[in-house]
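A.B. asks: here is a sequence together with a model predicted from it:
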Amino acid sequence: MTETIPTDASRGLDPDGLLRAYRTMRTIRDFEERVHDEFATGDIPGFVHLYAGEEASAAGVCQHLDERDTIASTHRGHGHCIAKGVDVTGMMAEIFGRATGVCKGKGGSMHIADLSRGMLGANGIVGGGPPLVCGTALAAKQQNTGGVAVAFFGDGASNQGTTLESMNLASVWNLPAIFVAENNGYAEATASTWSVAADNIADRAAGFGMPGVIVDGFDFFAVHEAAGEAVERARAGGGPTLIEMKLTRYFGHFEGDQQTYRGDEVRNARETLDCLTRFRRRVVETGELTAERLDAVDREVAALVGGSVERARAAPAPDGADLLTDVYVRYE
Amino acid sequence: MARTISYREAINEAIAQEMARDPAVIVMGEDNAGGAGGPGAEDAWGGVMGVTSGLYHRFPGRVLDTPISESAFIGAAIGAATRGMRPVAELMFVDFMGVCFDQIYNQAAKFRYMFGGNAVTPVVIRTMYGAGLRAAAQHSQALYPLFTHIPGLKVVLPSSPYEAKGLMTQAIRDDDPVVFFEHKAMYDTTGEVPEEPYTIPFGEAETAREGSDVTVVAFGGMVARALEAADALASSGIEAEVIDPRTTSPLDTETILESLAETGRLVVVDESTPRCSMAADVAALAAGEGFALLRAPVQQVTAPHTPVPFSAGLEDLYVPDAQRIANAAKAAVDWSR
Amino acid sequence: MGRIVGIVANPASGRDIRRLVATASVFPTAEKANMVQRMLTALGAVGVDRVLLNTDLGGISAAVLRAVRTRDPARDPHWPEVDFLADDPVTGTADDTARAVRRMATAGAGAVVCLGGDGTARVAAAACGEVPLLPLSTGTNNAFPRMREATTAGLAAGLVAVGAVDPDTALRRSTRLTVTAAGRTETALVDVAVSAARHVGARALWDPATITELYCTFAEPDGIGLSSVAGQLCPSPRSDPHGVALLLGPPRECRHVVRAPIAPGLVVPVGVREWRPLLCGEAVAVRAEHGVIAVDGEREIELSGGPAPVVRLSGDGPRCVDITAVLAESARRGLLRSAAAPAEQSN
């Protein structure tokens, strides 16, 4: 029996850890707000789904992950990419469809991926990620790496058979998998209170023999604590966990969505729940970080994101010949 | 003199030899061990057709039974393939693609392209196809054209035990996602198969029989029927060249066109339904690149545009047989005799 | 106005991190809705006319509404009229519970039943004033609400609301703790704990290594949660107006080490430096300047070095329905017996 259970301070939330968390969340926020602005200029092609408002979820989970670990994401994937360490400049270039993008301009916002970082891709298919995560978790288990795999999905995907099948398989195979349901209240324009029959996605965990918990997805510390326990449990061979984050997206389902189906929850969330505001106020109050250090992060991030847009705009489009490359590894 | 083993044993041997050679190779599927959790044998089945029989105890921890959750475990095989594994997953009947196709065609097939070349997904999806076992409309289809349609997938159709082993070995070593079609009526057919591992490259057709009067391109289970037809044709003075493409993706168009240049007449035999089929695909090849070579209209011998019927007499009418193939060949020859 | 009972059911209770760290139970929404329906049958049986039910987005009120609409009066047991409180916006926070209970009290409810955990009971208690409260546990993790069958609880609440039993017999006045810190005041019905954890985080307090001070309204030997530490060391019954105060520390530094069920599935050694009775009316200054204050097991207030927090025990907690006492009184007076039943067996 352990006499002491590690406290939050010993779980990586020393000032460096806090600074890292803040930087991740701030980078996501700046990135998404900038993409929002740039999209409005008409220069970003296609469909874009922004993660702003949900930063604490990606940051709080991914802070526990390292190079052994994998994540699968959703159509709202920029935040997960940033939190898992995908290059911000390469991401912005990808969203602009440039040859210098992380996917050479052939994936776009909905398919940003960097397998070398264990980021299995944003995914254009709702519910596409959880089965893949069963696979990367299986690989970690077979290869004995101690790695875990995290499936981020939304309230919409919580109703997909793929997600439910994957939770069952993960339990049956006792996989080091973590299912993170980011319940932002809407699947496209349909409220989750209407579409999710059990109402709490976390409740579904019981049907698959795994723990299911609800976490305040606006609170980095709450996410970090719950995710830390789930990751530790998975690494130790304890099996999968379902964590439901209750949160809100600040923008529409996609850019251009007029959001007439919503109430005023975004204003409320921005004013009272915002993850960055709360985090910042808290760590300054406790004296863990100074406002000056946080301001410095804000400046660094602004420069990084601003620079990424400049570089993306200046970057070349893919060559016409790239149309036919990389369909196969080898296709004789 | 090589041994004689069955199509089933040939596939099993290829998987076993690759598992022994490479620890990254794992096997998964419904009842692939067959017996998980029950009080009896843990490997009672070795797959519903016994193809993975015996692997469970030879390779502990590497043959995984799955729940009947094709989306989850086919997706898991694909996910594992992105992390250094080489899974061989069984989609029992190809008819079940409807419950997991997303993972195959939207995920596995597209990773490399979508991710700018920064992905390899060396997964093999084994699946059973074809009519003849009175298994009716949802367990008998020949759906390989649907997979062939998808860029990023490789599609393999072995027509003999020899091909089954060599193509399976290649499939497991290949770095792209491969869908490996096993004809369910062929598992007990036997043939000479070398004991040592060997590969058959994808995209290289086999000329199963040489002839100068008419080219018969036949896929998978249809190759044997085309050869049967060719023997019958020979007795009436028509020499048919039978080409077995072995893979529909990639497709060896060169060998087909070379043969067409020799014969000027083309019959395509395809067990799938006719619209957007391999028959239509090869006919289009001939009508385009091979137009100047054609001395007669291309003859397509396919199943009718219907579901697969159950009753024996109807099912026998459904599947192309040697007689229909021979008639088509004669029609082509008669057109420009 | 009629004879009214309020029922407030918290859709969010029973889903915190204790499911992950301590294999605590998951209490499904459907079962909460079923509990409300069983209670409606009981309330109908004892003559309650009207039930006020809070509206939630978690699916409890929706399920009850479906049941109300699809009932067949000829076949199904009699229910009171059910009115859903739909005037307030649903925020998904504890405010929903507080607002609903206040509306029930204003509407003249003769009793309020709250379904949830310690946290729900705490919020309902702060809002119900002198209206009798029946806190019913939906889960395994609760010290204050009782784990009782909803039908039985409904009978008791109904008998209280219709005035069939003497309040002096039926109701027990609880004590409560108030804690004032960082400009906020919170109420606890069971315990106030001071934790060295810096952040509220996942709210539930499950890590005993972080706790430095513990104040309990009561401490039962068979309790669950933090108060069980005191329950095994220095028990203090609910009926006692006084409580206990404990200073905790690492087990190796402490005179007393108690293996206590601080959460379901979590029996851990907790070090106690010293303990003493906490007198009713007494106010204590908390020693810690940093950390968080937890009330009834949930981290609630983050400290930031301001004025010392003060904990005060008082005797003015909610008046709670004593289910056993009510139904014993009912038996004594034959309240649920019917003279008109010819098949009734006489003893």
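C.D. replies: Nice, I can see it. Numbering: from 1, shown residues only, chains lettered A, B, ... in the order given.

A.B. asks: so what's the residue in the stretch 101-250 of chain B positioned nearest to chain C up against?
C.D. replies: At 28.7 Å from chain C, residue B:103 is the closest residue in the stretch 101-250 of chain B, using C-beta to the nearest C-beta. In short, each C-beta sits where N, CA and C put it, glycine included. Going by C-beta atoms under 8 Å, 6 or more residues apart in numbering or on different chains, residue B:103 touches A:128, A:131-132, A:162, B:71, B:74-75, B:78.

A.B. asks: which residue sits closest to the one residue in the stretch 151-300 of chain B that gets nearest to chain A, ignoring its sequence neighbours?
C.D. replies: Residue nearest to chain A within the stretch 151-300 of chain B (C-beta to the nearest C-beta): residue B:175, separated by 4.0 Å. Nearest non-adjacent residue to residue B:175, counting by C-beta to C-beta, 6 or more residues apart in numbering or on different chains: residue A:329, 4.0 Å away.

A.B. asks: from memory the one you found sits against residue B:120, does it?
C.D. replies: Yes: assessed by C-beta atoms under 8 Å, residue A:329 is found in contact with residue B:120 at 5.6 Å.

A.B. asks: any regions of the stretch 51-200 of chain C where pLDDT drops low?
C.D. replies: The model of the stretch 51-200 of chain C has no residue with pLDDT under 70.

A.B. asks: now do the strands in it.
C.D. replies: According to DSSP state E, counting those that start in this stretch, the stretch 51-200 of chain C carries its strands in the segments C:81-85, C:111-116, C:133-137, C:171-173, C:176-181, C:184-188, C:191-195.

A.B. asks: same check, this time on the stretch 1-150 of chain B
C.D. replies: Using DSSP E, counting those that start in this stretch, strands in the stretch 1-150 of chain B cover B:3-6, B:25-29, B:63-65, B:86-93, B:124-129.

A.B. asks: before we move on, back to that, can you list the strands of the stretch 51-200 of chain C in TSV and add distance to residue C:36?
C.D. replies: Converted to TSV, these look like this (distance: least, C-beta to C-beta, whole Å):
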stretch	distance to residue C:36
strand C:81-85	9
strand C:111-116	7
strand C:133-137	10
strand C:171-173	22
strand C:176-181	26
strand C:184-188	25
strand C:191-195	28
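
A.B. asks: mind putting these in a markdown table, mean neighbour count included?
C.D. replies: Formatted as a markdown table, those follow (neighbours: other C-beta atoms under 10 Å in any protein chain shown):
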| stretch | mean neighbour count |
| --- | --- |
| strand C:81-85 | 16 |
| strand C:111-116 | 30 |
| strand C:133-137 | 27 |
| strand C:171-173 | 17 |
| strand C:176-181 | 22 |
| strand C:184-188 | 18 |
| strand C:191-195 | 29 |
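
A.B. asks: could those be laid out in TSV, adding distance to chain B?
C.D. replies: Output for these, formatted as TSV (distance: least, C-beta to the nearest C-beta, whole Å):
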stretch	distance to chain B
strand C:81-85	39
strand C:111-116	35
strand C:133-137	35
strand C:171-173	51
strand C:176-181	48
strand C:184-188	45
strand C:191-195	40
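
A.B. asks: closest to chain A out of those strands?
C.D. replies: That would be strand C:191-195 among those, by C-beta to the nearest C-beta, at 8.7 Å.

A.B. asks: partner strands of the helix or strand just after that closest one, parallel or antiparallel?
C.D. replies: Downstream of strand C:191-195, the first helix or strand assigned by DSSP states H and E is strand C:211-216. Within its sheet, and counting by DSSP bridges, strand C:211-216 is paired with strand C:191-195 (antiparallel), strand C:243-249 (antiparallel).

A.B. asks: chain center to strand C:211-216: distance?
C.D. replies: 20 Å (C-alpha atoms, centre = their mean, to the nearest Å).

A.B. asks: name the nearest residue to residue A:290, sequence neighbours excluded.
C.D. replies: Using C-beta to C-beta, 6+ apart, the nearest residue to residue A:290 is residue A:284, at 6.9 Å.

A.B. asks: and the one you found, how many neighbours?
C.D. replies: Applying other C-beta atoms under 10 Å in any protein chain shown, we find 16 residues neighbouring residue A:284.

A.B. asks: which of the residues in the helix or strand containing it are buried?
C.D. replies: Element membership for residue A:284 (DSSP H and E) is helix A:275-285. By neighbour count on 16 or more other C-beta atoms under 10 Å in any protein chain shown, the buried set for helix A:275-285 is A:275-276, A:278-280, A:282-285.

A.B. asks: show me the contacts for the closest residue in space to residue C:6 that isn't next to it in sequence.
C.D. replies: Distance criterion C-beta to C-beta, 6+ apart; nearest residue to residue C:6, sequence neighbours excluded, is residue C:104 at 3.0 Å. Counting by C-beta under 8 Å, 6+ apart, residue C:104 makes contact with C:4, C:6, C:8, C:52, C:85, C:112, C:128, C:131.

A.B. asks: look up how far residue C:158 lies from residue C:104.
C.D. replies: 15 Å (C-beta to C-beta, to the nearest Å).

A.B. asks: break down chain A into its helices, ranges please.
C.D. replies: A:15-40, A:55-62, A:78-83, A:88-95, A:129-142, A:161-172, A:192-195, A:220-235, A:265-268, A:275-285, A:291-314 (DSSP state H).

A.B. asks: and chain C, by the same measure?
C.D. replies: Under DSSP H, chain C gives helices at C:18-21, C:29-45, C:60-70, C:94-106, C:118-128, C:150-161, C:167-170, C:227-233, C:323-333.

A.B. asks: before we move on, back to that, you'd agree the residue nearest to residue A:290 is up against residue A:292?
C.D. replies: No: taking contacts as C-beta under 8 Å, residue A:284 lies outside contact range of residue A:292: 9.9 Å.

A.B. asks: any chance of the helices of chain A in a markdown table, plus mean pLDDT?
C.D. replies: Output for the helices of chain A, formatted as a markdown table (pLDDT from 0 to 100):
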| stretch | mean pLDDT |
| --- | --- |
| helix A:15-40 | 97 |
| helix A:55-62 | 98 |
| helix A:78-83 | 98 |
| helix A:88-95 | 98 |
| helix A:129-142 | 98 |
| helix A:161-172 | 97 |
| helix A:192-195 | 89 |
| helix A:220-235 | 96 |
| helix A:265-268 | 90 |
| helix A:275-285 | 95 |
| helix A:291-314 | 98 |
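
A.B. asks: work out which residue lies at the spatial centre of the chain.
C.D. replies: Let's take chain A. With distances taken as C-alpha atoms, centre = their mean, residue A:80 lies nearest the centre of chain A, 2.7 Å away.

A.B. asks: I was thinking of chain C, sorry if that wasn't clear
C.D. replies: By C-alpha atoms, centre = their mean, chain C has its centre lying nearest to residue C:121, at 3.0 Å.

A.B. asks: ok, the residue nearest to residue B:175 - contacts?
C.D. replies: For residue A:329, the contact set (C-beta under 8 Å, 6+ apart) comprises B:112, B:120, B:174-176.

A.B. asks: for it, grab phi and psi.
C.D. replies: phi -70, psi -50 (degrees, to the nearest 10).

A.B. asks: kindly report the residues of the stretch 151-300 of chain C close to chain A.
C.D. replies: Residues of the stretch 151-300 of chain C found near chain A (C-beta under 8 Å from any C-beta of the partner chain) are C:196-203, C:206-210, C:250-252, C:268-269, C:290.

A.B. asks: run the last query once more with 10 Å
C.D. replies: The interface of the stretch 151-300 of chain C toward chain A, taken as C-beta under 10 Å from any C-beta of the partner chain, is made up of C:182, C:195-204, C:206-210, C:250-252, C:257, C:259, C:266-271, C:290-291, C:299.

A.B. asks: just the buried ones among those, please.
C.D. replies: The neighbour count (16+ other C-beta under 10 Å) marks C:195-204, C:206-210, C:251, C:257, C:266, C:268-271, C:291, C:299 as buried among those.
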